[in-house]
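Q: Have a look at this fold, sequence not included:
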């Protein structure tokens, strides 16, 4: 397949490299020092699933030079999706489809508003990885997976084709869930809880899941998100919060969420797409979300400052 990776940090860099290693025609859309390093030296992945070094990769900061793709995987930060959607337009042909791999539950809708719903699937991924340095991605935990499907859950040949491409790659698993919305919200459950508690405490998950006080907050975050999902018609199972807590308990003790790492570094974060989204969507559905509201409120001044500094 001809694939473009929009955003080449821990998520896009890892999955794009695995697809390229498997022989697919992959173009990385990147920028800055990361792009320069990839163009000079390729892309290097250090991983618990096996290292890979692609000595040469296709990489550019100009999607208009790429041409129409079979598929585009969107792996930018959640707050960058709207801007990315506009940049993706030159790579959209009649049969091109786009798959978001962001945290949050609104990326597919944002992409559809710009690109048209016919071009957009929904999707998610799981991986603990980050850009260690320009041209170098470090994968440190969680067995990498991707899940995607048509937004109305119908069977489609294009989704099957993408799954077949992922199945040829090592170091990951791919799945087309029976209900993609359940899959997206199930991932949102644990990542939002992990992001929120980690961001307000500045502690790794091994600490916050152990202390009774912070563990209780994690559990309440999960309960609130589940209630919002049910109110919006998402068929999460009755034990969804308990399942998410088991996933949290299975993470490496030193794990931190990308939102937490951004906030601790004073960078713009996914606060509005995670805990902020729970509050906003809960308000729309008339569901109270007091713990998520507290987290959002406490972190909002720093988030505003980070965004103001980024614009300067």
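A: It's in. Everything numeric here is computed off the predicted structure, so don't read it as measured data.

Q: Break down the stretch 1-150 of the chain into its strands, ranges please.
A: 2-6, 25-29, 43-47, 52-54, 58-60, 71-74, 97-100, 122-133, 136-149 (DSSP state E, counting those that start in this stretch).

Q: Output the below-cut-off pLDDT ranges for the protein.
A: Where the chain drops to pLDDT under 70, the residues are 312.

Q: so is residue 237 in a helix, a strand, or just coil?
A: When classified by DSSP: H, G, I helix; E, B strand; the rest coil, residue 237 comes out as coil.

Q: before we move on, the earlier item: for residue 281, find the nearest of the strands of the stretch 1-150 of the chain.
A: strand 122-133 (15.9 Å; C-beta to C-beta). For the C-beta atoms, the positions are set from N, CA and C on the backbone; glycine is no exception.

Q: mind checking how far residue 189 is from residue 234?
A: Distance, residue 189 to residue 234, using C-beta to C-beta, to the nearest Å: 11 Å.

Q: which of those two has more neighbours?
A: More crowded of residue 189 and residue 234, by other C-beta atoms under 10 Å: residue 189, with 24 against 18.

Q: Now that one, what are its backbone angles?
A: phi -50, psi -60 (degrees, to the nearest 10).

Q: mind checking how far it is from residue 292?
A: For residue 189, the distance to residue 292 - C-beta to C-beta - is 12 Å.

Q: Now for the two: what residues contact both?
A: Common contact partners of residue 189 and residue 292 (C-beta atoms under 8 Å, 6 or more residues apart in numbering): residue 225.

Q: For the strands of the stretch 1-150 of the chain, give me CSV that also has mean neighbour count and distance to residue 227.
A: Formatted as CSV, the strands of the stretch 1-150 of the chain follow (neighbours: other C-beta atoms under 10 Å; distance: least, C-beta to C-beta, whole Å):
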stretch, mean neighbour count, distance to residue 227
strand 2-6, 24, 33
strand 25-29, 23, 38
strand 43-47, 21, 37
strand 52-54, 18, 42
strand 58-60, 19, 43
strand 71-74, 27, 28
strand 97-100, 26, 24
strand 122-133, 21, 20
strand 136-149, 20, 23
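
Q: where exactly do the helices run in the stretch 51-200 of the chain?
A: Remark: helices assigned in the stretch 51-200 of the chain by DSSP state H, counting those that start in this stretch are 81-88, 107-115, 157-167, 180-201.

Q: Need the winner for burial among those helices.
A: helix 180-201 (a mean of 24; mean count of other C-beta atoms under 10 Å).

Q: tell me the angle that helix makes with helix 157-167.
A: Angle of helix 180-201 versus helix 157-167, following axes from the mean of the first three to the mean of the last three C-alpha atoms, to 10 degrees, is 50 degrees.

Q: Which secondary structure elements does helix 180-201 sit against?
A: Contacts defined by 3 or more C-beta pairs under 8 Å, 6 or more residues apart in numbering; DSSP states H and E place helix 180-201 against strand 122-133, strand 136-149, helix 205-208, helix 212-231, helix 240-250, helix 258-264, helix 275-284, helix 290-311.

Q: hmm, try it at 6 Å
A: Applying 3 or more C-beta pairs under 6 Å, 6 or more residues apart in numbering; DSSP states H and E, one finds that helix 180-201 makes contact with strand 122-133, helix 205-208, helix 212-231, helix 240-250, helix 258-264, helix 290-311.

Q: what distance separates the start and the end of stretch 169-180?
A: 22 Å (C-alpha to C-alpha, to the nearest Å).
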